[in-house]
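> predicted model follows, preceded by the sequence.
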Amino acid sequence: MNIFTKAFWLQLSTPKNFYPIAGKLIPWFLISATLLAVIGLYYSFFVAPVDYQQGNSYRILFIHVPTAWMSMFIYVVMCIYAILGLVLKTRLSDWMALALAPTGAAMTFLALWTGSFWGKPTWGTYWIWDARLTSELILLFLYLGFISLNSAIDDPRRASRASALLALVGIINIPIIYFSVKWWNTLHQGMSVTVDKAPTMATSMFTAMMLLTFAFWLYTIAVALMRVRNIILERESQTAWVQDLVKGKN
Amino acid sequence: MKARHKRLSIVIGGLGVLGLLTWLALNVFESNMMLFQSPSDVVAGKAPQGKSFRLGGLVEEGTLERENDGLTVHFIVTDKVESIPVTYTGILPDLFREGQGVVAQGKLENGVFTAHEVLAKHDEEYMSPEVADALKRAEEKPNGGSI
């Protein structure tokens, strides 16, 4: 099978073909996510040293930063699927966007929650309306709005189109979140990891953070594939292949 | 032009317009996006008079004084250009230190900023105490200790 041909992608993007492939991939993503998470957590608690200012409380960043990165990254991927759905009218793209949204919302919530519990012992407050925290909260509302709008419209095609447009309008928030600490003054600190210079943290801390980021990434792929399989069964429930599958003929 | 090319150009055009509008809006509201005013802003008269606002900067080294009640503190917030004296009664956050960032909310009265909330701002550098010590020693001896 040549993956560079149009025929390959057309074949793959049919729900009937994608369903079993996704099913085969899920365990691999789950196993590697678990492995990386275990190694990453070991690094976070036993290898990475205490911080010279914050002592142990900084360790919450090993969950906070990966979830915050994923909350933005998932939104971008969701928008790419939304654009594919709008432009190519491929139903599977719409469903992938829908399958990613709950995990994106969960990552955003985790980032806000862990950030809040890090803020109290370090800054002295759980919450402040600075540009970084406020724009991340707006991201949570965007995810929830996307999910709600999708379920509020009965016709699945109109639901996908409306929620895709909402997602695309909301993408403007992603650079705002990312650059907020650079463009304006905030209580939130600046970026430790940027593309143009070395991370401003000890190497073992950086390793732990990256291991957990990849763990969260693989986990996201696994649960999104699980969710999209359910969506496929639901939306294709009238087709012969799903009927056969449910009856156990396959 | 195929239908899907048309749809793609609508999406790209729409995102472009949206980006431009957002950029314009953020420029207009730039001062509202700022969490705090620096001492230079305050000296330049940009801070609201007689109203509560946030002052942010570094706690100047060697300026922290504690009154006998143990709760009232005086310190100077600086941005290394201008400085504003601050007085505050209450519990300071754990990371409050001389030489570290701080964001205080309160009012400016007769040149003294009376804060009712003081928050610590930490930077994006994380390292072990040993490394921090080594860096500090290297800074004290600019020649790296060699004679």
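Perfect, I can see it now.
> can we go C-alpha only for contacts and neighbour counts from here?
Will do.
> so where's chain A uncertain?
A:1, A:249-250 (pLDDT under 70).
> grab the most central residue of it for me.
Per CA atoms, centre = their mean, the C-alpha nearest to the average position across chain A is that of A:Ile74, at 3.3 Å.
> which residues sit against stretch A:188-202?
A:48, A:130, A:132-133, A:181-182, A:206, B:121-128 (CA atoms under 8 Å, 6 or more residues apart in numbering or on different chains).
> identify the farthest-apart pair in those.
Using CA to CA, the contacts of stretch A:188-202 span at most 29.5 Å, a distance reached by A:Ala48 and A:Asp130.
> about what we covered before: now name the helix or strand holding the residue nearest to the centre of chain A.
Using DSSP states H and E, A:Ile74 sits within helix A:61-88.
> how about that helix: buried residues?
Buried residues in helix A:61-88, counted by 16 or more other CA atoms under 10 Å in any protein chain shown: A:61-72, A:74-76, A:78-87.
> now do that helix: distance to the chain's middle.
Offset of helix A:61-88 from its chain centre (CA atoms, centre = their mean, to the nearest Å): 5 Å.
> by contact count, what packs against it?
Secondary-structure packing of helix A:61-88 (3 or more CA pairs under 8 Å, 6 or more residues apart in numbering or on different chains; DSSP states H and E): helix A:91-122, helix A:156-170, helix A:173-183, helix A:203-235, helix B:3-28.
> switch to 7 Å and redo it
Applying 3 or more CA pairs under 7 Å, 6 or more residues apart in numbering or on different chains; DSSP states H and E, one finds that helix A:61-88 contacts helix A:91-122, helix A:156-170, helix A:203-235, helix B:3-28.
> for B:Val42, which of the ones you listed is the nearest?
helix B:3-28 (20.6 Å).
> do that closest one and chain A meet at all?
Yes. Using CA under 7 Å from any CA of the partner chain, helix B:3-28 comes into contact with chain A via B:4, B:7-8, B:19.
> what subset of those is buried?
Neighbour-count burial (16+ other CA under 10 Å) applied to the residues of helix B:3-28 next to chain A gives B:8, B:19.
> how many other residues sit next to A:Leu166?
The tally of other residues near A:Leu166 (other CA atoms under 10 Å in any protein chain shown) stands at 19.
> which residues touch it?
A:Phe146 (CA atoms under 7 Å, 6 or more residues apart in numbering or on different chains).
> equivalent analysis for A:Tyr143, please.
By CA under 7 Å, 6+ apart, the neighbours of A:Tyr143 are A:101, A:104-105.
> most neighbours among the residues you listed, which one is it?
The residue in these with the most neighbours, by other CA under 10 Å, is A:Gly104 (26 neighbours).
> so who does it touch?
With CA under 7 Å, 6+ apart, A:Gly104 has these contacts: A:71, A:74-75, A:143.
> which one of those is nearest chain B?
Closest approach between the contacts of A:Gly104 and chain B, by CA to the nearest CA: A:Tyr75, at 15.1 Å.
> what residues does chain A have near chain B?
With CA under 7 Å from any CA as the criterion, chain A comes near chain B at residues A:49-52, A:87-88, A:121-124, A:130-131, A:172, A:184-187, A:189-192, A:200-202.
> pLDDT below threshold where in chain B?
B:141-147.
> taking the centroid of it, which residue is nearest it?
Closest-to-mean residue, chain B, CA atoms, centre = their mean: B:Gly56 / 4.3 Å.
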